[in-house]
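J.: Here is the input, now give the coordinates:
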Amino acid sequence: MKKIGVVAILILIFLILYFFQANFFSFFTIAGIKPNLFIIFTLIIGLYAGRTLGMTLGIIFGLILDFVGSKYIGITSVMLGIAGFLGGYFDKTFSKDSRITVILMIVGSTILCESIYYFWNILKTQNEIEYLNFIKIVLIETIYNILLTIIIYPLIQKFGYRLEENFKEKKVLTKYF
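T.: As a prediction, this is how the structure comes out:
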């Protein structure tokens, strides 16, 4: 029952992030580019709550975003599902206690997800690839996500450890002699 409450809080946080993404950051764009709060959010969910929940909520949140404001249904859900999966993968291989490590995880996820999104749009619209435009978009969005991560890192850590308490099992080794 406690996990259902936590998932409800995650959905509420998603709605708050959607408000910030759609309204607040519309006034604070850099060259018309906004940060992608949803990549950060689903990566953090995967990192602290596990890859299954991160990927599941990433897909659900992506579908909601696609239905609300995208031309193509499914691409954002794939992108956020990958971010949630990567969070769970990074949890097994890297330390989430280091700010630099979390920032590098977000950089990698942002570059991968935006690359998928950009090339999917190129395939669907059959336009030519504009490498300089692509590099500009990815670079600015990555820098924006880094800055936001640096600012909200203490909140990420507190929130993450609460998620971890609720969703991850404590594996205690006992010795019988």
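J.: separation between Ile13 and Gly46?
T.: Between Ile13 and Gly46 the distance is 15 Å, computed by Cβ to Cβ, to the nearest Å. For the C-beta atoms, the positions are set from N, CA and C on the backbone; glycine is no exception.
J.: Please tell me how far the closest residue to Ala31 other than its chain neighbours sits from Asn133.
T.: Nearest residue to Ala31 in three dimensions, chain neighbours excluded: Ile140, at 5.9 Å (Cβ to Cβ, 6 or more residues apart in numbering). Counting by Cβ to Cβ, the gap from Ile140 to Asn133 is 11 Å.
J.: quick one, which of Ile13 and Gly46 is more surrounded?
T.: Taking other Cβ atoms under 10 Å, Ile13 and Gly46 do not tie; Gly46 has more neighbours (32 against 15).
J.: Now the helix or strand containing that one: average pLDDT?
T.: For Gly46, the host element (DSSP states H and E) is helix 37-49. Helix 37-49 shows a mean pLDDT of 92.
J.: Which of Ile140 and Asn133 has more residues huddled nearby?
T.: Neighbour count, other Cβ under 10 Å: between Ile140 and Asn133, Ile140 has more, with 17 against 10.
J.: how close does the residue nearest to the spatial centre of the chain sit to Glu165?
T.: Against the mean C-alpha coordinate of the chain, by Cα atoms, centre = their mean, the closest residue is Ile39 at 2.2 Å. Applying Cβ to Cβ, the value for Ile39 to Glu165 is 24 Å.
J.: ok, now which ones touch the residue nearest to Thr76 when sequence neighbours are not counted?
T.: Excluding the flanking residues, the one nearest Thr76 by Cβ to Cβ, 6+ apart is Gly62, at 4.0 Å. The contact partners of Gly62, by Cβ atoms under 8 Å, 6 or more residues apart in numbering, come to Phe38, Gly74, Ile75, Thr76, Ser77, Val78, Met79, Leu80, Gly81.
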